[in-house]
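Student: can you look at this prediction? I've put the sequence above it.
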Amino acid sequence: MTSTYADARYHVRDLISISVAKGELEEVNASQTAGIGIRVLKNGSWGFASVNSIKKDDMLQAAKSAERIAELTATTRKTKSEGLAEAKLAKGSFEVDIRGRLEDITTEEKMNTVVKAEKLMRSLDARIVSARCSYNEIIDHKCFASTDGGWFEMYDSKPEFRAAAICMSGDESVVGLEASGVTGGWKDLFSKRDSDAIAETAVRKAVRLLEASHMKGGREMVILDPSLVGLISHEAVGHTVEADFVKSGSVAKQKMGERVASELVTLVDSGASEYVPGAAGTLPVDDEGVLSRKVEIIKRGVMVGYLHDRETARSFNAEPTGNARAFSYNDEPIIRMRNTYIEPGNWGLDELIEDTKHGYLLTGALNGEADANAEFMFAIQEAREITDGILGKRYRGVTISGSAFETLSTVDAITREFQWDMGSGYCGKGQLAKVDGGSGHMRCKVLLGGR
Amino acid sequence: MNEDLMDICRRAVDIGTGLGASEVEVFATRQRSVDAGFENNEMKMAKRTISSAAGIRVFRNKSLGFASVNSLEPDKLERAVGHAVALSKNAPADANNGLPDPRHLRSLSGLYDDDIAGMSEEDVLDRAKRMLASASGVDQRVSVDGGRFEATVGSKAIVNSLGIEGSEDFSATYYDIGAHAVEGSNVSSMDYRFDGARTMRGNDSDEIAIELANAVIESLSAGKLESHMGSVIFSPLAAIEVLLSPIMFSIDSNNVQKGVSRFRGKTGEKVAADLITVLDDGTIPEGLSSSAFDREGVPHSPLTVIGNGRLEAFLYDARTARKEGIDSNGHAAGGPLSVPSIDATNVRIAPGSAPLSELVSSVRRGLLVQRFSGRVDPVSGDFSGVVKGSKKIEEGVLMGAIRETMISGNAYDLLAKVRGLSKETKKIMDFQLPYFAADDISITGG
């Protein structure tokens, strides 16, 4: 073969999923997927092929397919790939820090943990009509080699635990959600709270929300909790600075070197778990063999960095950042975030609430969406009104929306207690990725939607 | 018949029975696909995937065990069967656990298309290139963020120890495209379209690319709106999100039995406006979710879920049906890598009699919502979120695009007060439905 570049990634993934709802074991699944993905850059264009086998003939056929697809794609492209930037390539073995290897905990113990927590939820309040608890683990083992000398072997595990309590009264119904997701082992997953405590928190939330009101919408001062700051950082800002989106014309294209946020805002994406261990997006090396590094995206309010793979780094004349990630063996690496956060500030949360004349404390991120122009919409579990520095009435069914950069420009305070709080979810960009996000609590202005 | 795939399943069933499982089910697939993507107004990458997988579900003394593997090689399959049986030994027993009994399976036409099966890598690349050119050709202000065209062909087979045996060949194309428009410093919202088809005859990849390009151009220079209570016309895409997703949640018998469906205990009662009829049919020729049998090997058949606003049926799999002492109506769903769950197949909402233009002219003050980006809580039905690619309606006339506008309300209340359906319908994946008109919806301007 006469390709410019090629890499191969063998990836074995073991999954366990357990789900219990209203006393019934709905799922206990042990799944293994394994295969090799081969990527070829030839004639300024990419080809990718995967096969669920490591027999020599199958791998050779996949490599030939990838090369042929690259040749074919090259004939359709107006502009050719400029190639790959030089990078600090991995050469060695990596294993993330793990306390309590998941393989050492029996499936029976995992199942019992879920069954017990779900039962507890239904016993806590008569208004809980249904409860669901689930546990998922992903154990990845990867081997990678590239034609320019990068190679690595990596072992990584990411468990998650979720609890959902559904509360009803008359025609009113609410869902209380609580979850934990980390990079690490069984002890890491439950290091802050055990499974029963997570389940109890979900119930307490549901009961509170049942008595909460619906609010009218409008532009308001709010204090966002770390899950929401993480979500804005990831969804509304992070995607716009992924260099493939920048090339496509995301709003960040025009903003490099410009003030885009308040001076208090320093927004970072990192493959390491900064401040607090166990962030779910932790990644020592990416799927191009590039060693992960910390990227400042916004520094004291000014946009200073994008997230790159080796190809965009070359075309932007930048350094690769270790953000090329593939979810499965049959996915090609694309630019993805890892752990995305805003640096904590100096305020205490009580002090910040006391300082707020009128506004809302928003807690618990649900789903959300953001555009390439940084407009976002996120759903919130609970809003609590603040009047003259005192927490008051609760609201549910609340959404926030706005332009991320306009919102970040209104930030006037961030608290000092840092927390990762997005680790139980996944980011979707054609393929999934485990990511995390967090910060302290952050005060700013947004458009609130109610009912 | 895919005899070799069936043989693989039969052998795995025998292994499971030999290991002590009371009941064993094996679902296996074999697939190949080519996927060509574009990004930033340029062809990006194509990829070829060859895959196979098997899911093994066992019951041992009414206890569930499930394991899956992405290989049909005998040693890997045998290990997975062993794993499923081992898991069942520690799982709690449940009297309702068990596999369905065999029923006659008739084969369906229109699931496999030689034209898709015969597509080369060049053909798939060409289709993707055409989508890109179709969108870009509408207006030079259109910027295509990305998209893809995929052609898939495969076989699936299911065998269980009670005598169910079924297999089928299938093909499909899936495609999506995202774009925004740029005019100087004015950047529109990003929007997207997606669809799929069982045959090349049903392929509308170029059409959705053109529709998207026109939509993003129209959303340039979007203005803001004052908050008010007004009328909303939901496009089929927005209606899937806001109205249909809560219906789908509430007709799932598992949610009914868990006590979280708003439709529990309401069979035969009114749950929607008279003009709403919802049909589920997994046997529609060329339907994207059509198949002779469901994920448990139970035959599909047409089902009226809501007839003229009245709730007629829930969706069952073997387990939830057994709980109520009835037979499954063929709604077990999912792939080989996970335990079967319950889902609808092809869903149709019967159209109305008025053209869309008449629905628009009936609105004094409100919105035509093209897309909804927000949260819909399927339990309570509460929804709140931002509208995208949407336009203002004033005194029955469609006006300019709007931005930073939210709508909120309750989907179940809204279902009861839908006052109009268009006669035009749109197929999106396995849904086909009209435009919906409703009044008194909270609209919040930016």
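Tutor: Arrived safely, thanks for sending. Numbers count the residues shown, from 1 in each chain, chains lettered A, B, ... in the order given.
Student: for B:A350, what are its contacts?
Tutor: Neighbouring residues of B:A350 by Cβ atoms under 8 Å, 6 or more residues apart in numbering or on different chains: B:276-277, B:279, B:421. Using the backbone N, CA and C atoms, a C-beta is placed for each residue, glycine as well.
Student: also near chain A: which of the residues you listed, exactly?
Tutor: Of the residues in these, proximity to chain A by Cβ under 8 Å from any Cβ of the partner chain holds for none.
Student: and A:E351, which helix or strand is it part of?
Tutor: Using DSSP states H and E, A:E351 falls within helix A:349-354.
Student: for that helix, name the packing helices and strands.
Tutor: strand A:218-224 (3 or more Cβ pairs under 8 Å, 6 or more residues apart in numbering or on different chains; DSSP states H and E).
Student: just put the contacts of B:A350 in a markdown table and tack on secondary structure, neighbour count and pLDDT.
Tutor: Below are the contacts of B:A350 laid out as a markdown table (DSSP: H, G, I helix; E, B strand; the rest coil; neighbours: other Cβ atoms under 10 Å in any protein chain shown; pLDDT from 0 to 100):
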| residue | secondary structure | neighbour count | pLDDT |
| --- | --- | --- | --- |
| B:I276 | coil | 23 | 98 |
| B:T277 | coil | 19 | 98 |
| B:L279 | strand | 19 | 98 |
| B:L421 | strand | 25 | 98 |
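Student: re the thing from before, following the helix holding A:E351, which helix or strand comes up?
Tutor: strand A:358-370.
Student: who does the helix or strand just after that following strand pair up with?
Tutor: Next along the chain after strand A:358-370, taking DSSP H and E as the criterion, comes strand A:375-387. Strand A:375-387 has its sheet partners listed here by DSSP bridges as strand A:358-370 (antiparallel), strand A:390-396 (antiparallel), strand A:398-403 (antiparallel).
Student: helices of the chain, start to end?
Tutor: In the absence of a named chain, this looks at chain A. Counting by DSSP state H, the segments of chain A that form helices are A:56-74, A:107-124, A:186-189, A:195-210, A:226-231, A:243-247, A:310-316, A:349-354, A:404-409.
Student: that answer is for a different chain, and I need it for chain B
Tutor: According to DSSP H, the helices that chain B contains are B:3-18, B:74-90, B:114-117, B:121-136, B:205-218, B:236-239, B:245-250, B:253-257, B:318-323, B:356-361, B:411-416.
Student: report the buried residues of the last one.
Tutor: Going by neighbour count (16 or more other Cβ atoms under 10 Å in any protein chain shown), the buried part of helix B:411-416 is B:411-412, B:414-415.
Student: how far off centre is it?
Tutor: 21 Å (Cα atoms, centre = their mean, to the nearest Å).
Student: so what does that helix touch, helix or strand wise?
Tutor: Secondary-structure packing of helix B:411-416 (3+ Cβ pairs under 8 Å, 6+ apart): helix B:245-250.
Student: measure B:A313 to chain A for me?
Tutor: Applying Cβ to the nearest Cβ, to the nearest Å, one obtains 22 Å for the distance of B:A313 from chain A.
Student: do I have it right that that residue meets B:H331?
Tutor: No: with contact defined as Cβ atoms under 8 Å, B:A313 does not count as touching B:H331 (10.0 Å).
Student: comparing the two, which shows the higher neighbour count?
Tutor: Applying other Cβ atoms under 10 Å in any protein chain shown to B:A313 and B:H331 shows that B:H331 carries more neighbours, namely 29 against 16.
Student: who touches that one in this structure?
Tutor: Here B:H331 is in contact with B:280, B:294, B:315-317, B:342-345 (Cβ under 8 Å, 6+ apart).
Student: again, only this time at 7 Å
Tutor: B:294, B:315-317, B:342-344 (Cβ atoms under 7 Å, 6 or more residues apart in numbering or on different chains).
Student: any weak-confidence spans in chain B?
Tutor: In the predicted model, chain B carries pLDDT under 70 at residues B:1, B:446.
Student: any idea how it splits into domains?
Tutor: As given by automatic domain parsing, the domain ranges for chain B are B:3-218, B:228-243+B:351-444.
Student: can you redo these as CSV with distance to A:K247?
Tutor: Shown next, in CSV, are the domains of chain B (distance: least, Cβ to Cβ, whole Å):
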stretch, distance to A:K247
domain B:3-218, 5
domain B:228-243+B:351-444, 23
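Student: whatever residue of the stretch 251-400 of chain A ends up closest to chain B and A:R396, how far apart?
Tutor: Ranking the residues of the stretch 251-400 of chain A by distance to chain B (Cβ to the nearest Cβ) places A:A379 first, at 3.3 Å. Shown here: A:A379 relative to A:R396, a distance of 10 Å by Cβ to Cβ, to the nearest Å.
Student: counting neighbours, go ahead and name the busier of the two.
Tutor: Between A:A379 and A:R396, counted using other Cβ under 10 Å, the more crowded position is A:R396 (26 against 23).
Student: can you get me a residue count around B:G389?
Tutor: 25.
Student: who are the contact partners of it?
Tutor: Per Cβ under 7 Å, 6+ apart, neighbours of B:G389: B:189, B:191, B:215, B:219, B:370-371.
Student: try 8 Å this time
Tutor: B:189, B:191, B:215-216, B:218-219, B:370-371, B:401.
Student: before we move on, what about A:V285?
Tutor: With Cβ under 8 Å, 6+ apart, A:V285 has these contacts: A:90, A:94, A:152, A:154, A:271, A:291-292, A:322.
Student: ok, 7 Å please
Tutor: Residues in contact with A:V285, defined by Cβ under 7 Å, 6+ apart, are A:90, A:94, A:152, A:154, A:291-292, A:322.
Student: now those residues in a markdown table, with distance to chain B?
Tutor: Listed next are these as a markdown table, based on distance: Cβ to the nearest Cβ, whole Å:
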| residue | distance to chain B |
| --- | --- |
| A:A90 | 23 |
| A:F94 | 24 |
| A:F152 | 22 |
| A:M154 | 20 |
| A:L291 | 24 |
| A:S292 | 23 |
| A:G322 | 20 |
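Student: tabulate those (a markdown table), appending pLDDT.
Tutor: What follows is these, written out as a markdown table (pLDDT from 0 to 100):
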| residue | pLDDT |
| --- | --- |
| A:A90 | 96 |
| A:F94 | 96 |
| A:F152 | 98 |
| A:M154 | 97 |
| A:L291 | 96 |
| A:S292 | 93 |
| A:G322 | 97 |
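Student: by neighbours, which of those residues wins?
Tutor: Busiest of those [other Cβ under 10 Å] is A:G322, holding 30 neighbours.
Student: pull up the residues of the stretch 1-150 of chain B that are close to chain A.
Tutor: In this structure, the stretch 1-150 of chain B approaches chain A at residues B:39-40, B:42-43, B:45-52, B:64-71, B:83, B:87, B:90-92, B:94, B:121-122, B:125, B:129, B:143, B:145-146, judged by Cβ under 7 Å from any Cβ of the partner chain.
Student: which ones among those map onto strands?
Tutor: B:39, B:42-43, B:45-52, B:64-69, B:143, B:145-146 (DSSP state E).
Student: in the sheet, who's paired with B:K392?
Tutor: Counting by DSSP bridges, B:K392 is bridged to B:L367.
Student: what number of residues lie near it?
Tutor: B:K392: 21 neighbours (other Cβ under 10 Å).
Student: who's in contact with it?
Tutor: B:225, B:367, B:399-400, B:402.
Student: one more: A:V268?
Tutor: A:294-297, A:341, A:343.
Student: in the sheet, who's paired with it?
Tutor: A:E296, A:Y341.
Student: again, but for B:V376
Tutor: With DSSP bridges as the rule, B:V376 is bridged to B:F383.
Student: that one - how many residues pack around it?
Tutor: With other Cβ under 10 Å as criterion, B:V376 counts 22.
Student: where along the stretch 251-400 of chain B do the strands fall?
Tutor: B:278-280, B:303-307, B:310-311, B:332-333, B:341-342, B:347-349, B:365-369, B:371-376, B:382-388, B:390-394, B:397-402 (DSSP state E, counting those that start in this stretch).
Student: can I get the CA coordinates of stretch A:32-50 in PDB?
Tutor: Presented in PDB, the C-alpha positions along stretch A:32-50 are these (Å, rounded to 0.1, in the frame of the first residue of the first chain):
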ATOM      1  CA  GLN A  32     -18.900  -8.000  24.500                       C
ATOM      2  CA  THR A  33     -18.000  -6.200  21.300                       C
ATOM      3  CA  ALA A  34     -14.600  -6.500  19.700                       C
ATOM      4  CA  GLY A  35     -13.200  -5.500  16.300                       C
ATOM      5  CA  ILE A  36     -10.600  -3.400  14.500                       C
ATOM      6  CA  GLY A  37     -11.100  -0.100  12.700                       C
ATOM      7  CA  ILE A  38      -8.600   0.900  10.000                       C
ATOM      8  CA  ARG A  39      -8.200   4.400   8.800                       C
ATOM      9  CA  VAL A  40      -6.200   5.400   5.700                       C
ATOM     10  CA  LEU A  41      -5.300   8.900   4.400                       C
ATOM     11  CA  LYS A  42      -4.400   8.700   0.700                       C
ATOM     12  CA  ASN A  43      -4.500  11.300  -2.100                       C
ATOM     13  CA  GLY A  44      -5.600  13.900   0.400                       C
ATOM     14  CA  SER A  45      -8.700  12.000   1.500                       C
ATOM     15  CA  TRP A  46      -9.800   9.500   4.200                       C
ATOM     16  CA  GLY A  47     -11.200   6.000   4.100                       C
ATOM     17  CA  PHE A  48     -12.300   3.900   7.000                       C
ATOM     18  CA  ALA A  49     -13.300   0.300   7.300                       C
ATOM     19  CA  SER A  50     -14.000  -1.900  10.300                       C
END
